[in-house]
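1. predicted coordinates and the sequence they were generated for:
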Amino acid sequence: MNKLVKHIILMLLIFGSQAIAAQSEENKKKTIPNILLILTDDQGYHDVSYYGTKDLRTPNIDAIASSGMRFDNFYANCPVCSPTRAALLTGRYQDYVGVPGVIRTHPENSWGYLDPTATLLPQELKMSGYATAIIGKWHLGLESPNTPVERGFDYFHGWLGDMMDDYWTHRRHDINYMRFNGKTIDPKGHATDLFTDWSVDYIKSQADDNRPFFLYLAYNAPHFPVQPPEEWLAKVKKREKGIDETRAKLVAFIEHMDDGIGKVINALKKSGQYDNTIIVFTSDNGGHLPSKANNGPLRDGKQSMYEGGLKVPTAISWPGAIKSGSVSEKMQISMDLYPTLLDAVGMDPRKTIEGRSFLQELLGENFISKEDHPLYFTRREGGTTYGGQPIYALRKGDWKLLQNSPYDPYELYNLKNDPLEQNNLIDEEPEKYKELNSLLMQHIQKAGKVPWQKPD
């Protein structure tokens, strides 16, 4: 056999193996789902039109629910921002990873420091070959080692800090927290539109990538200040005659964001990636009552340990896997999304976590949830109202123990009989109070071992 023939055969073998490898990678991407995790900020339990809310229209959020599963008893880990985000991305109780309260610009008013040793969801997913991105609000640290690109995200295009003082100028305390990876940027436009457009661009770019992707899209909206574009406010006022001005702004703000969510999902469809994408929609806590949020019949709202501060609208779709129009009444919590998403892609958490997978529930496989396992809620805050002390709630089965102020006594409710938390049974049920208080003390002891402030 001459050298030319040998060379041709060798090239055929090489190209053949490369083609097989490329096909294998393509097949891998087709079998491992992409993940789009949408987290909104302060969206009320009934500030979605799929619950029949009359003055608001959220067709794109509704479509996630109608094409997948709606969760009617889904809880945020905390009634404020940072702690829920920490729980969501670590699969752990927020006070176990150093974030019992809101992380802020000024150290004297910052109540958390994300444990640098905690394993975040994007770090796990990268182990299975995922491309990982966060677009929008981070709110888990302002400097190294707690920036997104150091905690498992390949790509960061968004807001490093907490709330924005203005959705058009993008500043907080006159500081610009807009970033592209590690670089400070100063883009023009409404923050909701920017996050939507950047997500659309990212999804388009992933269509030609052999890796599955995890996109964490965290809108700042509808967190105050409530600043919808004028055309959206005008549309709401024209449609909803006599609507309260404050409520009109919030409705327009949410509808504008919903339109953005629709554009992101449409990008999945246009790029051929929709059928292989898990879409999760949820909020970080209940709605802000001064902004006229709608938490349905629930008591209270954001910042509160009553149900209105903790229950959030949640829906998950996954074409061909989750039955369209299904509804779950079982209790889940933000940190449960971590193991559930890992479970969906065939992974187990590398470290011990408190979150529990509900994949079987999603897939309609006769999931038996341990409804009596306790769920703990913690929030630490400063100022004269809280004095740097935490407040707590514990739900176990039908029972809920809570303290809504560090200076008030505990309250006890049976949510099965009293879902609106009107009848405090703390005096009538001393044994139940003793049982739940004992469990809560154990949680507090364990959380107390975790430092929650940045080391000096």
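-> Received it, and whenever you're ready, just let me know what you need.

2. number of nearby residues for Thr246?
-> Neighbours of Thr246 under the rule other Cβ atoms under 10 Å: 12. Every C-beta, even on glycine, is put in place using the N, C-alpha and C of the backbone.

3. ugh, wrong one, I meant Gly112
-> Neighbours of Gly112 using other Cβ under 10 Å come to 27.

4. name the element it belongs to?
-> Using DSSP states H and E, Gly112 sits within no helix or strand.

5. now it. Nearest residue, chain neighbours left out?
-> Val99 (3.6 Å; Cβ to Cβ, 6 or more residues apart in numbering).

6. show me where pLDDT drops low in the stretch 1-150 of the chain?
-> 1-30 (pLDDT under 70).

7. in this structure Arg392 contacts Asn404, no?
-> Slight slip there: residue 392 is Tyr, not Arg. No - Tyr392 is beyond contact range of Asn404, at 9.4 Å (criterion: Cβ atoms under 8 Å).

8. phi, psi of Gln403?
-> phi -130, psi 110 (degrees, to the nearest 10).

9. distance check, it against Gln389.
-> To Gln389, Gln403 is 10 Å away according to Cβ to Cβ, to the nearest Å.

10. swap in Ser405?
-> From Ser405 to Gln389 the distance is 9 Å (Cβ to Cβ).

11. any chance you could map the helices in the stretch 101-250 of the chain?
-> 121-126, 191-206, 230-239, 245-270 (DSSP state H, counting those that start in this stretch).

12. for Met163, find the nearest of the ones you listed.
-> Across those, Met163 has its closest neighbour in helix 191-206 (10.7 Å, Cβ to Cβ).

13. the closest one - what's its average pLDDT?
-> What helix 191-206 shows for mean pLDDT is 98.

14. grab the nearest non-local neighbour of Ala133.
-> Nearest to Ala133 is Tyr155, by Cβ to Cβ, 6+ apart, at 4.0 Å.

15. would you confirm that the one you found contacts Asn181?
-> Yes - under the criterion of Cβ under 8 Å, Tyr155 makes contact with Asn181 at 6.9 Å.

16. which residue ends up closest to the midpoint of this structure in space?
-> In the chain, the centroid-proximal residue (Cα atoms, centre = their mean) is Leu39; its distance is 3.9 Å.

17. and the helix or strand where Met441 lies, what does it pack against?
-> Assessed by DSSP H and E, Met441 sits inside helix 430-447. On a contact count with 3 or more Cβ pairs under 8 Å, 6 or more residues apart in numbering; DSSP states H and E, helix 430-447 meets strand 375-380, strand 390-396, strand 399-403, strand 411-414.

18. okay, Tyr392 and Asn404: which has more neighbours?
-> Tyr392 (23 against 20).

19. quick one, phi/psi of Arg70?
-> Dihedral angles (degrees, to the nearest 10) for Arg70: phi -100, psi 140.

20. neighbours of it, how many?
-> Applying other Cβ under 10 Å, we find 23 residues neighbouring Arg70.

21. residues contacting it?
-> Taking Cβ atoms under 8 Å, 6 or more residues apart in numbering, we find Arg70 in contact with 50, 314-315, 326-328.

22. neighbour count for Gln403 and Gln389, which is higher?
-> For Gln403 versus Gln389, neighbours defined as other Cβ under 10 Å are more numerous around Gln403 (18 against 14).

23. what sits against the more buried one?
-> Under the criterion of Cβ under 8 Å, 6+ apart, the neighbours of Gln403 are 305, 391-393, 409-411.

24. ditto for Leu121
-> 88-91, 152, 214, 216, 338, 341-342.

25. who wins on neighbours among these?
-> Neighbour tally across the contacts of Leu121 (other Cβ under 10 Å): the maximum, 32 neighbours, falls on Leu89.

26. which SS state does it fall under?
-> helix (DSSP: H, G, I helix; E, B strand; the rest coil).

27. that one and Gly141 touch, don't they?
-> No - at 11.4 Å, Leu89 does not count as touching Gly141 under the criterion of Cβ under 8 Å.

28. common neighbours of those two, please.
-> Common neighbours of Leu89 and Gly141, counting by Cβ under 8 Å, 6+ apart, are Arg151.

29. and Val327, how many neighbours?
-> Other residues near Val327 come to 11 when the count uses other Cβ under 10 Å.

30. confidence score at Ile368?
-> For Ile368, the predicted pLDDT is 65.

31. the residue nearest to Gly112 should be in a helix, yeah?
-> No - secondary structure of Val99 (three-state DSSP): coil, not part of a helix.

32. distance of it relative to Ile265?
-> 30 Å.

33. where do the strands sit along the stretch 201-350 of the chain?
-> For the stretch 201-350 of the chain, the strands defined by DSSP state E, counting those that start in this stretch occupy 213-218, 277-283, 314-317, 326-328, 332-333.

34. paired strands for the shortest one, with orientation please.
-> Under the criterion DSSP bridges, strand 332-333 sits next to strand 74-75 (parallel) in its sheet.

35. if we can go back for a sec, dump the helices of the stretch 101-250 of the chain to JSON lines, plus distance to Gln453.
-> Shown next, in JSON lines, are these (distance: least, Cβ to Cβ, whole Å):
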{"stretch": "helix 121-126", "distance to Gln453": "23"}
{"stretch": "helix 191-206", "distance to Gln453": "29"}
{"stretch": "helix 230-239", "distance to Gln453": "40"}
{"stretch": "helix 245-270", "distance to Gln453": "33"}
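
36. before we move on, the earlier item: the helix holding Met441 vs strand 375-380, what angle?
-> Calculated by axes from the mean of the first three to the mean of the last three Cα atoms, to 10 degrees, helix 430-447 forms an angle of 60 degrees with strand 375-380.

37. show me which of the contacts of Arg70 are buried.
-> 50, 314-315, 326, 328 (16 or more other Cβ atoms under 10 Å).

38. tell me which of these is nearest to Ile243?
-> The closest of the buried ones among the contacts of Arg70 to Ile243 turns out to be Tyr50 (Cβ to Cβ; 20.0 Å).

39. find the nearest non-adjacent residue to the closest one, please.
-> Asp62 (4.3 Å).

40. and for Asn210, the neighbour number?
-> 15.

41. cool, the one 3 residues further on as well?
-> When neighbours are defined as other Cβ under 10 Å, Phe213 has 24 of them.

42. likewise Glu143?
-> Residues near Glu143, counting by other Cβ under 10 Å: 9.

43. so what's Leu436 up against?
-> Contacts of Leu436 by Cβ under 8 Å, 6+ apart are 374, 394, 396, 399, 401, 412.

44. now swap in Ala87 and tell me
-> 77-78, 93-94, 97, 99, 333-335, 355.

45. neighbour-wise, which one of those leads?
-> Val99 leads those on contacts (other Cβ under 10 Å) with 36 neighbours.

46. contact partners for that one?
-> Contact analysis of Val99 by Cβ under 8 Å, 6+ apart lists 82-83, 85-87, 112-114, 140, 452.
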